[in-house]
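K.L.:
Any chance you can model this:
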Amino acid sequence: MPAFGRSCIVALVALLPALASSATAQEIDCDEKDLEVGTVHFEGNRTFSSDELSTRVLITPSSLYRRIFKVFGTRRCVPSNGLAPDVANLKQFYENNGFYDTSVDTVVTHHGPTRVDVRFRITEGQPIRLDSLNITGLDAVADTATILKNLQLKIGGRFGRDLMNADADTIINRLRNSGYPRADRYPSYHLNRPAHRGTVDIQFVTGPLTHLGDIVVSSKSARDGPPEIDSGVVVDLLGIRKGQVYSDRALADGQRNLYNLGTYRHVGIAIDTLFKHGDSVADINVDLREDFMHNFDQDEGWATLDCFRTNTQYTNRNFLDRAQRLDLTGRLSKIGFGDPTDFSKTKDLCRRHVLEKDTASSVLNYYAGATLRRPTLFGTHWVPSYSAYTERRGEYQAYLRTTYIGGEAAVNRDLGRGIPFRAAYTMEYGRTIAQPAVFCAVFRICRTLDLANVQKTRRLAITSGSIQWNRTDDAVEPTTGYSITAELRGSSHYFLSDNALSFLKSTVDASWFTTLTRGTVFMARVRGGMISLGNLVPPQERLFAGGANSVRGFGENELGPIVYLITDSTQFTKQTTVVNGDSSATFVANKGLNASRKSPGGGNSLLVMNAELRIRDPFFPQLFEYVPFIDAGQVWTREAGSQQLNLARMAVTPGIGLRVFTPVGPIQGNVGYNGAQPRPGPLYFAQPVTSSGQANLVCVTAPGEPLVPVPFKNGSYETPACPATFIPARGSSFFSKLTLTLSVGTSF
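P.N.:
Residues are numbered from 1 along each chain as shown. Next up is the predicted model:
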């Protein structure tokens, strides 16, 4: 990494706390004469970590920014009743975990008249050890070993009331999932404290093995009238049946199944406590309140790359009276810029200077489709969906994909603990258009006839699977937790795809959030991707990076291999030579040339890393948020003889963003600093179209580089492989190295 790039990172890291401090205006949590707490330490705690003990005491140090800058940040003080309650809490915590001889002392060190450091000195002593563990009352249970596995209490191990109660609760939960809804427990213990020994007895009363009885459904519509979904359909969707062994988990799964339909505002499932059919049969009461079954949504807006756009969706949540969901969706984008809506006045309302360089924006983009989602697949936990659609969509400066007809069959399932899994099979009949220079540089397909062949309409079939772990506290504005998404996609003739199209693609995206102070959140993100086993990888499946949601020091998709294009013949010098009757020419770019257009080629490997602070404005926290960030990334192509991943060549771009919260969602503008020189790439000149309709590209040699002869055959120049040696001219001023990006919604 260049020294200048490293200095920028150091400077930004030093700047982050100062920026954060502006959003954490001093809070008066203390009276004027109270002692401020600098640090809190624990000594002698071998069994439990300091982090765990810190949750047991009231005393808390002032925020990091307060301790560093002395003025900004949250000020916290010694409680008015002193440290005695915290000492008692620590001793009680240790006693609950088997340490009856623990002593806790405190040391308070003064730093000036208003600040102190607090230290808890803990002498744990010996814990109580178990001589015996007796669990009784489970003789009637069929699989006792499963009920008793992996308990925390063990003979010879440490005793603790917390451990004993936790094990008793674990066994009760297992019993209630194995047919014993009225199981109860009666724990007791005896201690010989001088000898540090103890015994535990836990008696269980299970009651009779219970099966499910009648399933009674009580339901009302959204208007408090008769329900629109028949009770027989509800019973089928619950996933439980009369006569099966009772299970708390089965009832919770049935409740989740109904909620996931999106057709109910309230779902209550409970056991009938009257036991009308005897102790061994439990009736189930299901209480439901339906939502509105028909919904129509339409929204319009403007986006930086979509110009004017609109989206319309109709939803029927009870299609054919079987709780099936039917979605009819229509979308239009590039309105006002793309043909046939490209009126001169509306073009000026769009980002004309940006979109005019983009093939994907030259025509109206659209989507029309229907999706049918069934509640269950053959009564299992899999949720199937079927889609049919037609669309045209583009990726900025990269490609334009037209799908004349497409279809998808997918299944979703919650794997437990809120981990959704999705598998899908997609079949499309369409074509993808990209800049000819991209095909020439990336795939070595340069001749016009060859380009027409590779861009013809083909059949593309893709099989995919994705999984997600989301442990954040908020789906829109997370402040703590993490989120991980992984996807695997592949195409092959074995999946009925065109023989020319094959690839295997994997991507992983992981984000982590933590709250530093009130109003300040730190976010870190890593995204990686790789394409392997590729033949002709469709442009829409290649990996791209750069832009408002990636590395913000680069324009959209401009991080990675770049192909440069010029259309003006005055921008190069041409010299023709004839050797043995064969004519060729060399085209040499003028010094200081800046290409007319640059087209991202994408890559088959990607690594992007982001770190940012999200700092709420101290005066208008519901309106503004400041986002200092550091982004780094690289997109490259793995092939024989090429440079593989080199972390020293990672592009690093610090910057700052401003997020404004609006009724339509957050809008964020970013300024990223990119001090590195532009990435070298091949340079092509697009010849005028001939009478035969051909317009072959020709390679233009960068100034000072070895000349590339371009053969002249059949009335036009043919394009040989063009080396990636051209670097466009760039200003040397600070402002010329800034990149402005704009996005609607949070960055990640």
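K.L.:
can you pull out the helices in the stretch 401-550 of the chain?
P.N.:
For the stretch 401-550 of the chain, applying DSSP state H, counting those that start in this stretch gives helices covering 436-443, 448-454.
K.L.:
now swap in the chain and tell me
P.N.:
With DSSP state H as the criterion, the chain has helices at 3-21, 50-54, 64-69, 84-96, 144-148, 161-176, 231-238, 248-260, 344-349, 352-355, 436-443, 448-454.
K.L.:
among the ones you listed, which is the most enclosed?
P.N.:
Mean neighbours per residue, mean count of other C-beta atoms under 10 Å, is largest over the helices of the chain for helix 436-443, with a mean of 24. From N, CA and C alone the C-beta is placed, and that goes for glycine too.
K.L.:
Averaged pLDDT, it. What do you get?
P.N.:
When pLDDT is averaged over helix 436-443, the result is 70.
K.L.:
What confidence value was assigned to Ile630?
P.N.:
97.
K.L.:
Please report the distance of it from Gly553.
P.N.:
Note on Ile630: its distance to Gly553, by C-beta to C-beta, to the nearest Å, is 10 Å.
K.L.:
Next: Gly330.
P.N.:
36 Å.
K.L.:
Neighbour count: the two, which is higher?
P.N.:
Under the criterion of other C-beta atoms under 10 Å, the comparison of Gly330 against Gly553 puts Gly553 first, with 29 against 14.
K.L.:
what's near enough to touch that one?
P.N.:
By C-beta atoms under 8 Å, 6 or more residues apart in numbering, Gly553 lies in contact with 631, 651-655, 672-674, 739.
K.L.:
for Glu558, same thing?
P.N.:
Glu558 neighbours (C-beta under 8 Å, 6+ apart): 397, 546-547, 598, 600.
K.L.:
do that again at 7 Å, thanks
P.N.:
For Glu558, the contacting residues are 546, 598, 600, by C-beta atoms under 7 Å, 6 or more residues apart in numbering.
K.L.:
To what extent is the second one buried, counted in neighbours?
P.N.:
What that stands for is Lys598. With other C-beta under 10 Å as criterion, Lys598 counts 23.
K.L.:
Just list whatever residues bridge to it.
P.N.:
Counting by DSSP bridges, Lys598 forms beta bridges with Tyr564.
K.L.:
That one contacts Leu559, correct?
P.N.:
No - using C-beta atoms under 7 Å, Lys598 makes no contact with Leu559, being 11.9 Å away.
K.L.:
Where does the record place the domain boundaries for the chain?
P.N.:
31-123, 129-205, 211-290 (automatic domain parsing).
K.L.:
Please identify which of the ones you listed is closest to Gly407.
P.N.:
domain 211-290 (22.9 Å; C-beta to C-beta).
K.L.:
Report the helix or strand with the lowest average pLDDT across the protein.
P.N.:
strand 27-28 (a mean of 36; mean pLDDT, DSSP states H and E).
K.L.:
Mind listing what's buried along stretch 334-344?
P.N.:
334-338, 341-342 (16 or more other C-beta atoms under 10 Å).
K.L.:
what does stretch 714-730 give?
P.N.:
716-720, 722-728.
K.L.:
Would you map the strands across the stretch 351-500 of the chain?
P.N.:
Per DSSP state E, counting those that start in this stretch, the stretch 351-500 of the chain carries strands over the ranges 365-373, 383-395, 399-414, 420-434, 458-470, 481-491.
K.L.:
From the chain's centroid, how far away is the fourth one?
P.N.:
This points to strand 420-434. 20 Å (C-alpha atoms, centre = their mean, to the nearest Å).
K.L.:
Could you tell me which strands sit next to that strand in the sheet, and their orientation?
P.N.:
Here, using DSSP bridges, strand 420-434 pairs with strand 399-414 (antiparallel), strand 458-470 (antiparallel).
K.L.:
nearest to Leu258, of those strands?
P.N.:
strand 399-414 (13.3 Å).
K.L.:
Dump the contacts of Glu558 into TSV; add pLDDT and distance to Leu606 as well.
P.N.:
Shown next, in TSV, are the contacts of Glu558 (pLDDT from 0 to 100; distance: C-beta to C-beta, whole Å):
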residue	pLDDT	distance to Leu606
Gly546	93	11
Lys598	80	19
Pro600	85	12
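K.L.:
Looking at the residues you listed, which is nearest Leu364?
P.N.:
Closest to Leu364, out of all of these and judged by C-beta to C-beta, is Pro600, at 22.5 Å.
K.L.:
how close does the closest residue to that closest one other than its chain neighbours get to Val551?
P.N.:
Distances taken as C-beta to C-beta, 6 or more residues apart in numbering put Asn557 closest to Pro600, at 4.2 Å, once the chain neighbours are dropped. Here Asn557 is placed at a distance of 10 Å from Val551 (C-beta to C-beta).
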